[in-house]
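Peer 1: Sequence and computational prediction follow.
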Amino acid sequence: MNPSATITALPTVALPAGRSLSEDRAKAGPIQSVPSASSTDLWLEILRKLESKMPRGQFITWFKNTMILGNEEGELIVGLPLPTYLTWHMEHYRVMTLEVAQEVDPSVRRIVYTVDTGLKDNPERTIDLLEHFPELKKRKLPGRQEIKLAEGIVTKILSTKYTLENFVVGTNNRLAHAACLAVCNEPGGKYNPLFLYGGVGLGKTHLLQATGSTILKNHPRATVVYVTSEDFTNQVVESVQHGKMEQFNRRYRTVDVLIIDDIQFIANKERTQEIFFHTFNTLYEEHKQIILSADRPPQELQLEDRLKSRFARGMIADVSKPDYETRLAILREKAAEHHIFLDGGVLEFIAQHVTRNVRELEGILTQAVALYELEQRMPTVRAIAEIMSKLSMDPLKDEENVGFTQAPKRRPTFQEIMEAVSRYYSVSLQDMTGASRVREILLPRQIAMCLGKKHLGLSTTRLGELFGNRDHTTVMNALEKIEEKFHSDPQLLREVRTIEVELGLA
Ligand code: ADP
Ligand code: MG
């Protein structure tokens, strides 16, 4: 990047107090004209490069309704539809945009942002991103695309999404991860076959794919085949059907690394097991690497004994459920992959309440990302709790919930109650005790008062003092109001209950 290049934000077009954004939509921003063809082309070219650098959701959210509004003497004026975009672009996209703009047009020296509310939803002045950047369905579905390696052998593409670097190592998967690394260093060596087992959604496929990709990266000419046991079975069935078993065998012998995911599904399929047994032996004798996964250890599989004993010759490692710290680390990693900066409290809440497997952790995170990208709302603990209950992952009912069962049984302090409520509703402690009467603050304040009274037995006078020297009748009023709300709003009761559980008051 040109070192002298700078990025400046022009003063935003401030919204007059009391006017809503929609009112302002009618009012155009500083530059009204329809963009010239060259601006449109230049912006399209820049957008095309930007699109490849971020998740599609993010790209569409933050680059729709944007346009180049001027380009003179190296100064590229980029129009944004709303003031919120300005902060966001300044923080996240300015360097990237400048770099890309310079690749396309080396004369660009600076990027100047300006907010022009007239761009919003104005097809004449902006580019239709959905039309120019249609969703490439296949592109984002790793593991779905198939490639033909040699006549007859098909492998699921090894997804670049799964790497050994972005796999978070914890006590639950340390051995499995180390074994995969060892196999990458020496395919067909000591750890052959490598057999990984464990429950659903705990990272087996991730490790298998990552190991395959790494070997392929180190040995680009190697034939690395990743198949699920269903694919393998289908190939066997097809070959049998068309009398092409010999070809099948010949072809599989050219494979250098054979990865079969979820091998448990060849249980009760005698012919497939037999063919697999021969393929296994051939490859094994030639020191080709074999990697397998299953939902249980080899000895518990419903497979021929001779197969089970072959599996036991190599390295067997399990992946189990991650503990709280690993769950939190995984969430941080995934949030970073999504380029989303979630509040620490929100991540902790998810890590505490979603304990079954990593796939569910990811599911909740994806919902949070959607909330963020599509609605431009920063997810709060409250929003996450809502999502969880919609997905029937009720934090109040989950028996496996480590976070809750280990919650301290001692009485919380007033400060802890305040902190729990403030975290849940994303309201600052200052606001809780301050004077504001907006609903978003009033409600958490009333709830904190109510919990203080209920669990700490605080008097209305004392509560008044603790909440910014309020009069005790004000506190009484607040308590009455919240009691009324409890009667009419079961959702609110649930929310309070969640906070109580978090405080160990269940
Ligand atoms: P399995 O094959 O065991 O059912 P997957 O490998 O499909 O599980 O894992 C489910 C999801 O969880 C994947 O998106 C994977 O990337 C993620 N995942 C699981 N464990 C980890 C981990 N330790 N670090 C990062 N991501 C993980
Ligand atoms: Mg899997």
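Peer 2: In hand now; what should we look at? Computed from a prediction, not measured in an experiment: that's the story for all the values here. Ligands and ions are numbered 1, 2, ... in the order given.
Peer 1: Which residue, neighbours along the chain excluded, lies closest to whichever residue of the chain sits closest to ligand 2?
Peer 2: Relative to ligand 2, the nearest point of the chain is T205 (3.2 Å; CB to the ion). (Glycine included, C-beta is placed from N, CA and C.) With CB to CB, 6 or more residues apart in numbering as the criterion, T205 has its nearest non-adjacent residue at 5.7 Å, and that residue is D261.
Peer 1: That neighbour and E304: what is the separation?
Peer 2: Counting by CB to CB, to the nearest Å, the separation of D261 from E304 is 19 Å.
Peer 1: Please say which of these two ends up with more neighbours.
Peer 2: Ranked by neighbour count (other CB atoms under 10 Å), D261 and E304 place D261 first, with 23 against 16.
Peer 1: Could you list the low-pLDDT ranges of this protein?
Peer 2: Along the chain, segments meeting pLDDT under 70 span 1-33, 135-157, 392-410, 506.
Peer 1: show me the contacts for the residue of the stretch 301-450 of the chain found nearest ligand 1.
Peer 2: Residue nearest to ligand 1 within the stretch 301-450 of the chain (CB to the nearest ligand atom): V358, separated by 3.4 Å. By CB atoms under 8 Å, 6 or more residues apart in numbering, the contact list for V358 reads G201, L202, G203, P322, R327, I330.
Peer 1: burial measure for the residue of the chain at minimum distance from ligand 1, as a count.
Peer 2: Closest approach between the chain and ligand 1, counting by CB to the nearest ligand atom: G203, at 2.8 Å. G203 has 25 neighbouring residues, counting by other CB under 10 Å.
Peer 1: Quick check: closest non-adjacent residue to it.
Peer 2: V319 (5.4 Å).
Peer 1: now that neighbour: how far from L207?
Peer 2: Distance, V319 to L207, by CB to CB: 7 Å.
Peer 1: what is in contact with the two at once?
Peer 2: N173, A176, L196.
Peer 1: so the residue nearest to T205 makes contact with H206?
Peer 2: No. Taking CB atoms under 8 Å as the definition, D261 is not a contact partner of H206, at 10.5 Å.
Peer 1: pretty sure E348 contacts E325?
Peer 2: No. Taking CB under 8 Å as the definition, E348 is not a contact partner of E325, at 10.7 Å.
Peer 1: of those two, who's got more company?
Peer 2: Neighbours were counted for E348 and for E325 using other CB under 10 Å; E348 has more, 17 against 12.
Peer 1: A helix includes G57, no?
Peer 2: Yes. Membership of G57 in a helix is supported by DSSP: H, G, I helix; E, B strand; the rest coil.
Peer 1: which parts of stretch 329-349 are buried?
Peer 2: Neighbour-count burial for stretch 329-349 flags 329-331, 334-335, 338, 340, 342, 345-349 (criterion: 16 or more other CB atoms under 10 Å).
Peer 1: Centre of the chain to that stretch, how far?
Peer 2: The chain centroid and the centroid of stretch 329-349 are separated by 8 Å under CA atoms, centre = their mean, to the nearest Å.
Peer 1: swap in stretch 435-455?
Peer 2: That offset, for stretch 435-455, works out to 33 Å (CA atoms, centre = their mean).
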